[in-house]
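Peer 1: How does the following fold in three dimensions:
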Amino acid sequence: MTTRLFRILYVIVLSTPLISLSQTITPGADSVHISTSIKYSDPSFFKKIILGKNYRQEWETPVTLPVFYIKNFDFKILELGGGQQTKSLRMEDKRGREWVLRTIDKDVQKALPLFLRNTLAKKVVQDMVSAAHPYSPLIIPPLAKVMGIIVPEPTFYYVPDDPAFGEHKDVFAHQVVMLEQREPTPDNSDTKSTASVVEKLFEENDHLVIQQAVLKARLLDMLIADWDRHADQWRWGKFETGGMDYYYAIPRDRDQAFFQSKGLLVKIARLIALRHMVGFRDDMKKMKQLNFKSWQFDRIFLNQLDRNKWDSTIKLSQAQLTDEVIENAVKKLPPVIYAINGQKITSKLKSRRNDMHRGIMNYYEFLAVDPEVTGTDDAEIFRIKSEGNLLTITVFDKKDGVEGRRFYKRSFDPDDTKIITVSGLGGKDVFIVEEGTSSTIRLKFYGGEGDDTYDIKGNVRNKIYDSKEEDNQVINKKRSRIKIK
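Peer 2: Presented below is the predicted three-dimensional model:
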C-alpha cells in the first residue's frame, strides 16, 4: 500500500466526527455521573480497523464519581508537576504527607516534536490513548498487596471549576482525576528518585537495593503487560540497619497497564519500531519485547539474582495470586466498567499467571547472557572462583587493604551466561581470579578511576581495560588481554 493511500485512509478515519455526549454537572454536587473522556467515542468502521477498538467504551461510559473540592481535604497546594502528557498537582495535608492529583486523560501535544503538533500524526497519537484502560490503577493495589509490594492506593474523582485551585484551575477543571499518596511508605518517610538511588549505589558500598523486592514489582509489571516502566516510574523507600542503607522499590504511574490494541497501525508499528507494544494477551510470550524500556533498569537492579531466585520468586507469586485474589482485584473497577469486559480481564490475568514461569524465565535468560557486576567509588575487592560448574563473584568492601563486609555475591551458570562485565568504577580496587578457577564464561574488567590491582591466576578468558595514567598493577595475567590506554 503506498504512502499516499495510507494518508487518504487516515484522513477518512480521523475526520469522522464524534458524538457529543451529554455530561450535565450540577454545581455544588457531591457526586457526578460522567465519562472519563469522549474524545475516543463513536469510532467509524475504518477507524476500528486502522486504530483499533481499544478501550473506547470504557473511556466514554459514564460512571458515578465523587467530586473533589480542595477545601474538603484541607490540602495545601505545593506545585504543578507531571510529564508531557499527564498533569499532576502535588499537595500536602495537615500531617505533612504529600498527595498527588493526576489527570486520567492525556494531551499528547507537548510530547510530540514541534513539526508534528496540530497535524495528522498528532491525531493518531492522541487516539492511541484509548488503547490504555482508564481505570487500570484500581486493579493494581489488591494484586500488589498479596505479593508484598508497596504501591499507592488511588481514588478517582471529578474536579469541578473550583476557584480554590488558584492559578491551576484551568488545568484541572472538568477533569476526571486520580488522587493518591505520593510517598506511601509504611513509616511516612520521604522517598528517593531512581536517579538519586543510582548515584548513591555507585558512590558508596554501604547503600544497597533489596533486589528481590524489585523483582516482585517487575513480575507484577509483566503480569499486567505494562510496557512503560522507565526509571521515572519508580520511587524508593529507605531504611537503615547495621550501618547500611537499604532501598525498596515503590512502583507508580500505571498508565499503560492492560494496554491493548488490535488496530492495523499498531500491528505495523510493532514490526517496525515499537516492539514493546506487545499488548495484554492470554499468554506471557514476548517478554523481552514487552520489557524493552526496562532492560537497563533490570540490569542494574536485578543483577544479583540468579536463576534459583527468579524461579522461586515467580512460583511464590503464582501461589499468592489466587483466582479469588484476581477476581476481587478486577471487581475494584466501577460496576458499569466491570460489566463491559471485567470478566475478560479476569480470565486473561489468570491465564497469564499460569504462564508466568515459562514466559518470565525466558526473559531471565535474556538478561543472564551478559550481566554486569558493578562496584562503587569506594575501594572494593572482587573475588572470582569456581564452585562446581558455576562461576561465583563475590564483592567485598576493602578495609585497610583486606576484605571487609561482603555486599555482593552471585553464582553464574555457563549454560546461561557467556560474558560478565566487572566494573570497579572508582577507588583502589583489587580483582582476583583464584587459582584453579575454570569456566567458559568470559570476563571483562573495567578498573575505572583509582590505582587498581589485577591478580588473574585462574583459567578464564578475560580482558582488562584501564588507564595508563594511574598506577595499576597486573600481578598475574593468565589468559588476559590487557588494554591499558
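Peer 1: what number of residues lie near Asn341?
Peer 2: 19 (other Cβ atoms under 10 Å). (C-beta placed from N, C-alpha, C; glycine too.)
Peer 1: got the contact list for it?
Peer 2: Glu58 (Cβ atoms under 8 Å, 6 or more residues apart in numbering).
Peer 1: which SS state does it fall under?
Peer 2: helix (DSSP: H, G, I helix; E, B strand; the rest coil).
Peer 1: how close does it get to Asn54?
Peer 2: 11 Å (Cβ to Cβ, to the nearest Å).
Peer 1: Repeat that for Ile272.
Peer 2: 20 Å.
Peer 1: Could you do Tyr135 as well?
Peer 2: Counting by Cβ to Cβ - Tyr135 and Asn54 are separated by 14 Å.
Peer 1: Centre-most residue in the protein?
Peer 2: Arg229 (2.4 Å; Cα atoms, centre = their mean).
Peer 1: what about the closest residue in space to that residue that isn't next to it in sequence, how many residues close to it?
Peer 2: Distances taken as Cβ to Cβ, 6 or more residues apart in numbering place Ser294 nearest to Arg229, at 4.7 Å, with adjacent residues excluded. Per other Cβ under 10 Å, the neighbour tally for Ser294 reads 23.
Peer 1: In a helix, Ser294, correct?
Peer 2: Yes. The assignment for Ser294 by three-state DSSP puts it in a helix.
Peer 1: Please report the distance of it from Ser347.
Peer 2: From Ser294 to Ser347 the distance is 26 Å (Cβ to Cβ).
Peer 1: Looking at Ile272 and Asn54, which is more packed in?
Peer 2: The residue with more neighbours, out of Ile272 and Asn54, is Asn54; 25 against 7, by other Cβ under 10 Å.
Peer 1: Need the nearest residue in space to that one, chain neighbours excluded.
Peer 2: Ser130 (4.1 Å).
Peer 1: Can you pull the phi and psi angles for that neighbour?
Peer 2: Main-chain dihedrals, Ser130, degrees, to the nearest 10: phi -70, psi -10.
Peer 1: before we move on, back to that, just checking, the residue nearest to Arg229 touches Asp228?
Peer 2: No. If you go by Cβ atoms under 8 Å, Ser294 and Asp228 don't touch, sitting 9.1 Å apart.
Peer 1: could you pull out the strands for the stretch 251-400 of the chain?
Peer 2: 372-374, 380-387, 390-399 (DSSP state E, counting those that start in this stretch).
Peer 1: Can you convert these into JSON lines and add a column each for mean pLDDT?
Peer 2: Shown next, in JSON lines, are the strands of the stretch 251-400 of the chain (pLDDT from 0 to 100):
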{"stretch": "strand 372-374", "mean pLDDT": "98"}
{"stretch": "strand 380-387", "mean pLDDT": "98"}
{"stretch": "strand 390-399", "mean pLDDT": "96"}
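Peer 1: Include distance to Glu199 and mean neighbour count when you put those strands into TSV, please.
Peer 2: As requested, the strands of the stretch 251-400 of the chain are exported to TSV (distance: least, Cβ to Cβ, whole Å; neighbours: other Cβ atoms under 10 Å):
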stretch	distance to Glu199	mean neighbour count
strand 372-374	13	18
strand 380-387	17	21
strand 390-399	18	20
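Peer 1: I'd like those strands laid out as a markdown table, including distance to Asp413.
Peer 2: Converted to a markdown table, these look like this (distance: least, Cβ to Cβ, whole Å):
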| stretch | distance to Asp413 |
| --- | --- |
| strand 372-374 | 15 |
| strand 380-387 | 11 |
| strand 390-399 | 6 |
